[in-house]
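Novice: Pasted the sequence and its predicted model underneath.
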Amino acid sequence: MQVLNRPWGAMHYRIDGPADGPVVVFANSLGTDLRLWDPLLAEMPGIRAVRFDKRGHGLSDEGGEFRVEDLADDAAALIEHLGLKQVVFVGLSIGGMIAQIISSRRADLVGAVVLANTAVKMGTQQSWDERIAAIRSGGLGSIVDLVMQRWFAPKFRAQPELAIWRNMVARTSASGYIAACHALSAAELTDAATRISLPAMVIAGEQDGSSPAELVKATADLVAGATFHVIPDAGHLPCVEQPAAFAALLGRFLKEHSA
Ligand SMILES: O=C(O)CC1=CCC(=O)O1
């Protein structure tokens with residue numbers, strides 16, 4: 001467990017895997033912390049994985065309101081702090097928005113990018129306002145069933161493991177989660193996506209209830225040269241639900257594009 005001091009507070013990060021492995025930086029989604037990537041990393045012991053908790057999530061501090069661009073600055077600061085260059089950056093959902101921004105702006109730090117279950121615009125002002133209002137009146141526990149339906153296909157939702165993912169959402173700080181909802185409702189990244197000029201792979205989940213495969217494909221179409229893949233039997237978090245399939249795609253991408 002390590003900490004980077006940022007102007008808004010402490011940012012928690014960790015590094016796993018062999019020092020000589022290809023460096024992959026992971027950015028996670030709304031209502032999750034860096035453990036989101038545990039099932040995937042179990043499939044990929046050879047990579048050097050850098051993970052962090054964004055503001056208001058996991059063990060990081062909160063630090064008030066922010067925009068997705070600020071989260072991308074946090075990720076860039078971490079990569080610079082670690083003295084890394086040409087990393088492969090993998091982001092899922094809001095993490096994929098971070099990935100769109102950092103890969104369009106910081107080709108000095110990022111050599112290739114993976115955009116998973118993300119889009120240039122996710123949700124509407126109304127849908128985020130409704131979610132924020134529900135959390136303010138009933139807490140995160142009041143939305144967790146709906147979130148599980150969006151995150152996972154029915155087969156996974158019937159497994160005992162569902163409980164730990166429910167707990168991850170329900171135990172997220174409500175104010176941190178709400179701050180991220182505001183950032184999501186303000187984000188429109190068409191310009192960033194069209195400026196990405198790095199090798200890029202875009203991944204969707206066949207049964208994603210938050211960023212349906214067609215929406216993710218529309219973003220892939222904006223990124224020059226990006227490949228697009230749909231993982232079967234997966235919802236919004238294929239790195240959890242189908243880690244072997246996600247690892248197979250990422251492993252191939254790393255062979256082609258890691259420095
Ligand atoms: O909770 C959801 O609906 C899924 C999600 C949207 C943005 C994000 O990061 O996760």
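Specialist: All right, it came through fine.
Novice: which residues does residue 150 contact?
Specialist: By CB atoms under 8 Å, 6 or more residues apart in numbering, the residues touching residue 150 are 208-210, 235-236. For the C-beta atoms, the positions are set from N, CA and C on the backbone; glycine is no exception.
Novice: at 10 Å what do you get?
Specialist: The contact partners of residue 150, by CB atoms under 10 Å, 6 or more residues apart in numbering, come to 207-211, 235-237.
Novice: and what of residue 99?
Specialist: 25-27, 72, 75, 89-92, 110, 113-116, 118, 192, 196, 200.
Novice: Please flag which of those residues sit within strands.
Specialist: Among those, DSSP state E puts 25-27, 89-92, 110, 113-116, 200 in strands.
Novice: measure residue 215 to the ligand for me?
Specialist: With distances taken as CB to the nearest ligand atom, to the nearest Å, residue 215 is found 11 Å from the ligand.
Novice: ok, the residue nearest to that residue when sequence neighbours are not counted - how many residues close by?
Specialist: Setting aside the residues directly before and after it, residue 215 is nearest to residue 119 in space (CB to CB, 6 or more residues apart in numbering), at 4.8 Å. Using other CB atoms under 10 Å, residue 119 is surrounded by 28 other residues.
Novice: Can you tell me which of the ones in strands among the contacts of residue 99 is nearest the ligand?
Specialist: residue 92 (7.2 Å; CB to the nearest ligand atom).
Novice: what's near enough to touch the nearest residue to the closest one once chain neighbours are set aside?
Specialist: The spatial neighbour of residue 92 that comes closest, neighbours along the chain excluded (CB to CB, 6+ apart), is residue 116 at 4.2 Å. Taking CB under 10 Å, 6+ apart, we find residue 116 in contact with 26-27, 29, 90-93, 95-96, 99, 201-205, 208, 211, 216, 229, 231, 236-239, 246, 249-250.
Novice: can you rerun that using 6 Å?
Specialist: Residues in contact with residue 116 (CB atoms under 6 Å, 6 or more residues apart in numbering) are 92, 96, 203.
Novice: Give the next helix or strand downstream of the strand or helix carrying residue 148.
Specialist: In the assignment (DSSP states H and E), residue 148 maps to helix 144-151. On the C-terminal side of helix 144-151, the nearest following helix or strand under DSSP H and E is helix 154-157.
Novice: That next one - what's its average pLDDT?
Specialist: Across helix 154-157, pLDDT averages out at 96.
Novice: May I ask which helix or strand encompasses residue 168?
Specialist: helix 162-170.
Novice: Is the ligand within reach of that helix?
Specialist: No - for helix 162-170, no contact with the ligand is found by CB under 6 Å from any ligand atom; the gap never falls below 7.9 Å.
Novice: buried set for that helix?
Specialist: Residues 165-166, 168-170 are the ones in helix 162-170 that count as buried (16 or more other CB atoms under 10 Å).
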